[in-house]
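Chemist: dropping a prediction and its sequence here:
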Amino acid sequence: MSLIRKCTSTKPSSITVLNLLRESRCIKHLEQVHTHIIQKGYEQDHFIINQFISLCNVFSPDVSYATSVFEHVIQPNVYVWNTLIKGYSKKSSLVDCFVVLKQMRTSVNVIPDEFTFPSLVKSCSNVLALKEGEIIHGLLVRYGLDSDVFVGSSLIDLYGKCKEIEYARRVFDEISLKNEVIWTAMIVGYVYAGDLLEARKLFDEMPQRNVASGNAMIRAFVKFGDLSGAKKLFDSMPDKDVVSFTTMIDGYAKAGDMASARFLFDRSSNRDIISWSALMSGYAQNGQPNEAVKIFHEMLSMNVRPDEFIMVSLMCACSQLGRLDLANWVEHYMSQNSFDLNQVHIAAALVDMNAKCGNMERAKMLFEGMPKRDLVSYCSMIQGLSIHGCGSQAVDFFDRMLNEGLVPDDVSLKIILTACSRAELVKEGFRIFNLMTTKYSVKLSPDHYACVVDLLGRSGKLQDAYELIKSMPVEPHAGAWGALLGACKLHCDIEVGEEISNRLFELEPQNTGNYVLLSDIYAAANRWLDVALLRQKMSEKGLRKIPGCSSWYAFAALISFAIFNQSEHCISKKPRPRHPQPVKLNANRLVTGTLCGFDQFMNLVIDNTVEVNGNDKNEIGMVLIRGNSMVTIEALEPVA
C-alpha cells in the first residue's frame, strides 16, 4: 500500500503521520506526506515539522524544500531551528549558515543551545575557515556553552585542522569533565598539526581508552609511516571493530605490503565497503592491477555492491592494464548500475582510463562533457595523448589548460615535459620549462631536470644535456644521469656514455641496469672485448642481469612471459624449464605507434628472433611492451 493510500484510509493522527515519515524513502514520499500535514493542520506541530525537515536534509539535494516548509512555521522552537541549521551546514554555503544563525538569534523566545553550534563549527572545519570559527567560538563563550564536551570536541577539531594547536589545547584544558570523545579529538588535533609525539603522549595519559581512541592512534602511526607502532597497538587492543582492521589494511597498503594487507583482510569477520575499498585501492596503487580486478570480481560474487570509490580504484587498475575491453565493460557496468558519471572524480577517472587504454576519441568526448575540468582531468588527457604518440596534441591541451586559468603544479609539469621528451619536441619543452619558472614559480625538482635531460638526449643534443646536468641548481639524482645514459645508447655515444656510467656506478653500485646499458653501447659498436670485461666486472661484484618481463592477454586471462634476445650480450637463448613451449615471434611483425624506448629496443632485436614463453599461440592478442602502451603481435609456429 502506498503512503498516500495509508493517509487516506486512516485518520492521519500525529502518530500516523510520524509513522509515515519513518517509512519515507525519497523526496516524493515526503511530498505525499506533506500534503496531508497541510490538510490536517500539523504545520505548526514542532515535533512533526522537525522530523520532516530532518528527512528533507537527507533526501533533498539542497535546502530549498526544507526552507519553504520552515518558513510556514509561525514560531519555530530551538529544535526546529537547530535542524534547519544542520541542513544548511551540510548542503549550503558558510555565508548562508551565518545568515540563518543571525535570524535565529534575533527571533523571539529562542536562545541557541549546545546543539546549535557543532554543525556550524564542522562546516568551518571542512573549509578551514578559521576566522568564522573564531566568531562562533566567541558566541559560545557568550552563551556559556564553550565547556560542553560536544561543542568542545568540534572546536578542537577546527583548531587542529587549521594547525592552531595551542588554541585546541586551551579548549581541551578548559573542559573539566573530559570524556573519550574530547581526548580522541585532541589526539587527532595533534596528528593534524604533525606532532606524533604529543599525540602518543596524550594517548598514554588517557584514563580510559575505547576503540575510537585506539583507531585514532593507529591512523596517526599510519600517517607518519610508523607501521610497527600501528601493528603493536592494533595487536594490543582488546576490542577491535571494522575501522581498526580497515585502518591497518590501509597502513599495510601504503607501505607496499599487500600480502599482510590481504592476510588481515581475510582475518576480519566484519567487513564493510570501506574495507574492500582499502584493499582494492592498495593493489591498484602498488602496481598490482590484476589483483585489484580479482578483488572486484570477489566482491560481486559475494553480493557486495561497489560504491563510487571502488569504481575509481577499478578504473585506476584498468588504466595500468591498458585493456580497452575491460574499460568498456567497466563503463557499461557503471551506466547500468546508476552511478553518476558526471561527478568530478568519476568523470576524471573515466577520462584517464579511456586515454590510457587507447580510446582517445571516447576520452576526449568525456573530457569535453565534464561539468568542471580540473588539473587532474587535464593531466589524464595529456598523459594519454603522450603515451599514444600524440605529443603535439598533448602540448595543445597543456596550453588550453593554462588559458582556462588552471595553475600547473610540479606533477603536471613533469607530465608535459615527459610528453615533449617522447615526441622530441625540444622547442616546446623548453618554452614550457621556462614558462613554469618565470610565470608560475613552480619549484623545480631533480625529476623536472631529468625530463629536460631526456628531452635533449633523445633529440641527439647529448653535450647540451650533459652541460645541463652539470649546471643544475639542485643535485642531480640517478634518474637524470640514467636518462642521459639511455640517450648515449640510442645515439651510440661511447665517450659520454662511459663518463655517465662511472657516475651511475658510484650512485647506484647495485643497479645492474646501468651496466647493461653500457654493455649495449659497446655491443652496438662491436666492442665485444669491452662487453666481456664489463660482464666479468658484474660477476665479480655479484651482479646478475634480471630478464625483462612484460605481459600479454589471452583474451580474459593474464599470463606473464619473458622476452629473450638472441644477441650475444643477453642472458640466455634458451627458454626456462618452467615455460616448456616458447612461442617464436618475429620482431619485424611488431606493430606500434611512438613508444617510449621502443626504438632502442628494436635496434637490438631487429632481424633477430624473440622467444616468448607461452602455451597457446592462437590466443595471443596483445603485448604490453612498456608502461601502458600496447602493441599487436602475430604468433608463428611453436619452437621445436
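Modeler: In hand now; what should we look at?
Chemist: distance from the chain centre to the one helix or strand F47 maps to, please.
Modeler: Here F47 sits within helix 46-59, counting by DSSP states H and E. How far helix 46-59 lies from its chain's middle: 36 Å, per CA atoms, centre = their mean, to the nearest Å.
Chemist: give me the buried positions along stretch 415-430.
Modeler: 415-426, 428-429 (16 or more other CB atoms under 10 Å). All C-beta spots, glycine's among them, are computed from the backbone N, C-alpha and C.
Chemist: same deal with stretch 125-139?
Modeler: For stretch 125-139, by 16+ other CB under 10 Å, it's 125, 129-130, 132-134, 136-137, 139.
Chemist: of those, which belong to helices?
Modeler: By the criterion of DSSP state H, membership of these in helices covers 125, 130, 132-134, 136-137, 139.
Chemist: CSV for those residues, including distance to V108 and pLDDT?
Modeler: Shown next, in CSV, are those (distance: CB to CB, whole Å; pLDDT from 0 to 100):
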residue, distance to V108, pLDDT
S125, 31, 93
L130, 33, 94
E132, 26, 95
G133, 28, 95
E134, 28, 95
I136, 22, 95
H137, 26, 96
L139, 19, 94
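Chemist: want to throw the residues you listed into a markdown table with distance to N502?
Modeler: Shown next, in a markdown table, are these (distance: CB to CB, whole Å):
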| residue | distance to N502 |
| --- | --- |
| S125 | 55 |
| L130 | 54 |
| E132 | 60 |
| G133 | 58 |
| E134 | 60 |
| I136 | 64 |
| H137 | 63 |
| L139 | 69 |
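Chemist: sort out which one of those residues lies nearest N359 for me.
Modeler: S125 (40.8 Å; CB to CB).
Chemist: pull the residues that contact stretch 286-305.
Modeler: The contact list for stretch 286-305 (CB atoms under 8 Å, 6 or more residues apart in numbering) reads 253, 256, 258, 273, 276, 279-281, 283-284, 306, 310, 313-314, 316-318, 320-321, 326, 337, 558.
Chemist: what residues are up against L517?
Modeler: Per CB under 8 Å, 6+ apart, neighbours of L517: 482, 485-486, 488-489, 497, 501.
Chemist: now with 10 Å?
Modeler: 482, 485-486, 488-489, 497, 500-501, 504, 511, 600 (CB atoms under 10 Å, 6 or more residues apart in numbering).
Chemist: again with L145
Modeler: Applying CB under 10 Å, 6+ apart to L145 gives the contacts 112-118, 139, 151-152.
Chemist: pull the most distant pair out of these.
Modeler: So, these by CB to CB: farthest apart are P112 and G152, at 15.9 Å.
Chemist: compare these two (neighbour count), which wins?
Modeler: G152 (27 against 20; other CB atoms under 10 Å).
Chemist: my read is the more buried one is in a helix, agree?
Modeler: Yes: counting by DSSP: H, G, I helix; E, B strand; the rest coil, G152 falls inside a helix.
Chemist: how about it: what's its closest non-neighbour residue?
Modeler: I175 (4.8 Å; CB to CB, 6 or more residues apart in numbering).
Chemist: next one: that neighbour, what pLDDT does it get?
Modeler: The per-residue pLDDT reported for I175 equals 90.
Chemist: picking up where we left off before, between the buried residues of stretch 125-139, which sits nearest T246?
Modeler: Set against T246, the nearest of these by CB to CB is S125 (22.6 Å).
Chemist: for the closest one, give me its contacts.
Modeler: 133, 154-162, 192.
Chemist: in this structure L375 contacts L413, no?
Modeler: No: counting by CB atoms under 10 Å, L375 sits too far from L413 to count as a contact (11.0 Å).
Chemist: more crowded one of the two?
Modeler: When neighbours are counted by other CB under 10 Å, L413 comes out ahead of the other of L375 and L413, with 24 against 15.
Chemist: did I read that right, that one in a helix?
Modeler: Yes: assessed with three-state DSSP, L413 lies in a helix.
Chemist: touching, it and Y449? I think so.
Modeler: No: using CB under 10 Å as the test, L413 is too far from Y449 to be in contact (11.1 Å).
Chemist: shared neighbours of these two, anything?
Modeler: In contact with both L413 and Y449: F433, using CB under 10 Å, 6+ apart.
Chemist: all strands of the stretch 201-350 of the chain, in order?
Modeler: Counting by DSSP state E, counting those that start in this stretch, the stretch 201-350 of the chain has no strands to list.
Chemist: er, the chain actually
Modeler: Ranges of strands in the chain, per DSSP state E, are 549-554, 557-564, 582-586, 609-613, 622-626, 629-632.
Chemist: may I see the buried residues of stretch 451-471?
Modeler: Buried, per 16+ other CB under 10 Å, within stretch 451-471: 451-459, 461-462, 464-466, 468-469.
Chemist: between these, which is nearest A212?
Modeler: Distances from A212 to the buried residues of stretch 451-471, taken by CB to CB, are shortest for C451, at 45.5 Å.
Chemist: now do the same contact list for that closest one.
Modeler: By CB under 10 Å, 6+ apart, the neighbours of C451 are 413-421, 429, 433, 445, 479-480, 483.
Chemist: so what pLDDT did the nearest residue to it once chain neighbours are set aside get?
Modeler: Of all residues not flanking C451 in the chain, L417 sits nearest, at 3.6 Å (CB to CB, 6+ apart). The model reports L417 with a pLDDT of 93.
Chemist: no more questions from me, cheers.
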